[in-house]
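> let's see this in three dimensions:
(chains A and B)
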There are 2 protein chains.
Amino acid sequence: MRTLYHFPLHPPSRMSRIALAEKKLKVREVIVDPWAPDAEFLSLTAEGAPPVLVDLTQHGTLTISGARAITEYANDGSKRHPLLSEDPFERAEARRLCAWFDGRFTDEVDAYILAEKVERAVLSQSQYDAGTPDPDVLREGRAYLADHLDYLATLLEQRDWLAGRRFSLGDISAAAHLSCLDFLGEIPWRDRPVLKDWYQKIKSRPSFRGLLGDRQPGLRAPRHYTDLDF
Amino acid sequence: MRTLYHFPLHPPSRMSRIALAEKKLKVREVIVDPWAPDAEFLSLTAEGAPPVLVDLTQHGTLTISGARAITEYANDGSKRHPLLSEDPFERAEARRLCAWFDGRFTDEVDAYILAEKVERAVLSQSQYDAGTPDPDVLREGRAYLADHLDYLATLLEQRDWLAGRRFSLGDISAAAHLSCLDFLGEIPWRDRPVLKDWYQKIKSRPSFRGLLGDRQPGLRAPRHYTDLDF
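Residues are numbered from 1 along each chain as shown, chains lettered A, B, ... in the order given. This is a model prediction of the structure:
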């Protein structure tokens, strides 16, 4: 039996959920509040943050922390439904893109837009009025986001999927980040038809279905968020 | 033939150099200035930053960007001298530690200490007097560093290597970061004998030899930096 501790509007958590679903691995999902994790969750991991996968295997209980470790673990487990191409360049591109989303995209976009909107919404639900998002911070994040979406669109003009000919961890990482931003109505799809086509293919994959059902008190997704034909 | 574009006092570059040397792969090294990369280098990669590996294989030229992609590529290439254990938990721990160094350690330690000392030294050599490191910034980085060194020491009290019984990418990532800080005289080894023992084992590995010969104009490493028996 597997349990994934995750938070719905958190890109590394979403990356883990999509990857596990792509590998057709059954997982019980437990939601963790990253800003107020409970003692049971904290006892699982030195990281103190989701995602964490607890897998009860025949060799014992494995506790695996972090999206990169969880997704590679899921992929190492069997050759079926591979998350990385056999082609060495495509494998490297997929891992480069994961690192790019973990680093640059997280620092320049998520740290502005997701932190402003999601963190405030969650905190306002629990303890106190965390105020409204700072428009200057959002503006800065959106400027970076526009550049980064252009870069992704450029890649997709030359490739079927982000890392090459095969769907991969690169697409999963991108989908995890962009879907959180899309939940907040932050992706200008109309200006980037190539990127929109790619996201439409992503959205219709069975692995993505769970994410379309996510809810977050204090936030309401735009109608197109769940629409496969948006 | 392989060429690695790297910068000596840059943890992701060092991670790539150690991993390639552990796999016994011959590499020509080209130093890139991350603050003033030349046009030839920029034409190689959308990342705009080292490390980048260019590998002329029988199937064509592969250009691989980023330490995570380079190290996994090196490891995927052959089963000899593995950088990840066969044990799934140890593999996951190694990847978790890599992500922890890429994220938290980089943000909380490197961004303070390395940025203050190395970036200033490099800029002062080239264009203008970049001033001296800000003591408040260094103090903040050192406080985080002390906590993180304690955490690594705690792991090493229970394990032979950072991710478990086998030397792995987790140790390579840690060695890459700590050796840059050691070059700057920033690691209080004396207070952490378990960590010092681990670093002594790391230093005596042939893969580490190249790093001990690194020089950086404007900075002088303490005498113990190159001493295997420090």
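> kindly report the residues of chain A close to chain B.
A:46-47, A:57, A:62, A:64-70, A:72-73, A:76-77, A:88-89, A:91-93, A:95-96, A:98-100, A:102-103, A:151 (C-beta under 8 Å from any C-beta of the partner chain). The way it works is simple: take the backbone N, C-alpha and C, and place the C-beta from them, glycine included.
> which residues of chain A fall in helices?
A:11-22, A:39-42, A:67-77, A:88-100, A:113-114, A:120-126, A:135-158, A:169-183, A:193-203, A:209-212 (DSSP state H).
> can you put those helices in CSV and add mean neighbour count and mean pLDDT?
CSV is the format used below for the helices of chain A (neighbours: other C-beta atoms under 10 Å in any protein chain shown; pLDDT from 0 to 100):
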stretch, mean neighbour count, mean pLDDT
helix A:11-22, 26, 98
helix A:39-42, 12, 94
helix A:67-77, 24, 97
helix A:88-100, 24, 96
helix A:113-114, 22, 96
helix A:120-126, 16, 83
helix A:135-158, 15, 97
helix A:169-183, 26, 98
helix A:193-203, 17, 97
helix A:209-212, 17, 94
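> so for B:Pro222, which of those helices sits nearest?
When the helices of chain A are compared by C-beta to C-beta, helix A:88-100 sits nearest B:Pro222, at 31.6 Å.
> what angle sits between that closest one and helix B:67-77?
Put simply, helix A:88-100 runs at 150 degrees to helix B:67-77, going by axes from the mean of the first three to the mean of the last three C-alpha atoms, to 10 degrees.
> re the thing from before, pipe the helices of chain A into CSV and attach distance to A:Phe230 per row.
Output for these, formatted as CSV (distance: least, C-beta to C-beta, whole Å):
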stretch, distance to A:Phe230
helix A:11-22, 18
helix A:39-42, 34
helix A:67-77, 26
helix A:88-100, 23
helix A:113-114, 20
helix A:120-126, 23
helix A:135-158, 16
helix A:169-183, 9
helix A:193-203, 7
helix A:209-212, 11
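> nearest to B:Leu42, out of those?
helix A:135-158 (14.5 Å).
> what angle sits between the closest one and helix A:193-203?
90 degrees.
> on that earlier part again, tell me which of the helices of chain A sits nearest to B:Asp191.
helix A:39-42 (26.6 Å).
> so how far is that closest one from its chain's centroid?
22 Å (C-alpha atoms, centre = their mean, to the nearest Å).
> now swap in stretch A:157-169 and tell me
On C-alpha atoms, centre = their mean, the centre of stretch A:157-169 falls 17 Å from that of its chain.
> in that stretch, what counts as buried?
Within stretch A:157-169, the residues scored as buried using 16 or more other C-beta atoms under 10 Å in any protein chain shown are A:159, A:161-164, A:166-169.
> dump those residues to a markdown table, plus distance to B:Tyr5.
Shown next, in a markdown table, are these (distance: C-beta to C-beta, whole Å):
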| residue | distance to B:Tyr5 |
| --- | --- |
| A:Arg159 | 24 |
| A:Trp161 | 27 |
| A:Leu162 | 23 |
| A:Ala163 | 21 |
| A:Gly164 | 22 |
| A:Arg166 | 27 |
| A:Phe167 | 30 |
| A:Ser168 | 24 |
| A:Leu169 | 24 |
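> hmm, A:Ile202 is touching A:Asp171, no?
Yes. Using C-beta atoms under 8 Å, A:Ile202 makes contact with A:Asp171 at a distance of 6.5 Å.
> how much space separates A:His161 from chain B?
If you look again at residue A:161, you'll see it is Trp, not His. 16 Å (C-beta to the nearest C-beta, to the nearest Å).
> cool, A:Val122 as well?
Distance from A:Val122 to chain B, by C-beta to the nearest C-beta: 21 Å.
> contacts for stretch A:91-109, please.
Outside stretch A:91-109, the residues that touch it by C-beta atoms under 8 Å, 6 or more residues apart in numbering or on different chains are A:11-12, A:67-68, A:71, A:83-85, A:141, A:144-145, A:148, A:162-164, A:168-170, A:173-174, A:176-177, A:181, B:47, B:62, B:64-70, B:72-73, B:76, B:99, B:102-103.
> pull the distance from that stretch to the chain's centre.
That offset, for stretch A:91-109, works out to 12 Å (C-alpha atoms, centre = their mean).
> with just CA atoms, put that stretch into PDB.
Presented in PDB, the C-alpha positions along stretch A:91-109 are these (Å, rounded to 0.1, in the frame of the first residue of the first chain):
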ATOM      1  CA  ARG A  91      16.400  11.700 -20.800                       C
ATOM      2  CA  ALA A  92      18.900  14.600 -20.100                       C
ATOM      3  CA  GLU A  93      16.500  17.200 -21.500                       C
ATOM      4  CA  ALA A  94      13.700  15.900 -19.200                       C
ATOM      5  CA  ARG A  95      16.000  16.100 -16.200                       C
ATOM      6  CA  ARG A  96      17.300  19.600 -17.200                       C
ATOM      7  CA  LEU A  97      13.700  20.800 -17.500                       C
ATOM      8  CA  CYS A  98      12.800  19.400 -14.000                       C
ATOM      9  CA  ALA A  99      15.800  21.200 -12.600                       C
ATOM     10  CA  TRP A 100      14.800  24.400 -14.400                       C
ATOM     11  CA  PHE A 101      11.200  24.200 -13.000                       C
ATOM     12  CA  ASP A 102      12.600  23.400  -9.500                       C
ATOM     13  CA  GLY A 103      15.000  26.300  -9.600                       C
ATOM     14  CA  ARG A 104      14.400  29.200 -11.900                       C
ATOM     15  CA  PHE A 105      10.600  28.800 -12.500                       C
ATOM     16  CA  THR A 106      10.000  28.300  -8.800                       C
ATOM     17  CA  ASP A 107      12.100  31.300  -7.800                       C
ATOM     18  CA  GLU A 108      10.900  33.600 -10.500                       C
ATOM     19  CA  VAL A 109       7.200  32.700 -10.900                       C
END
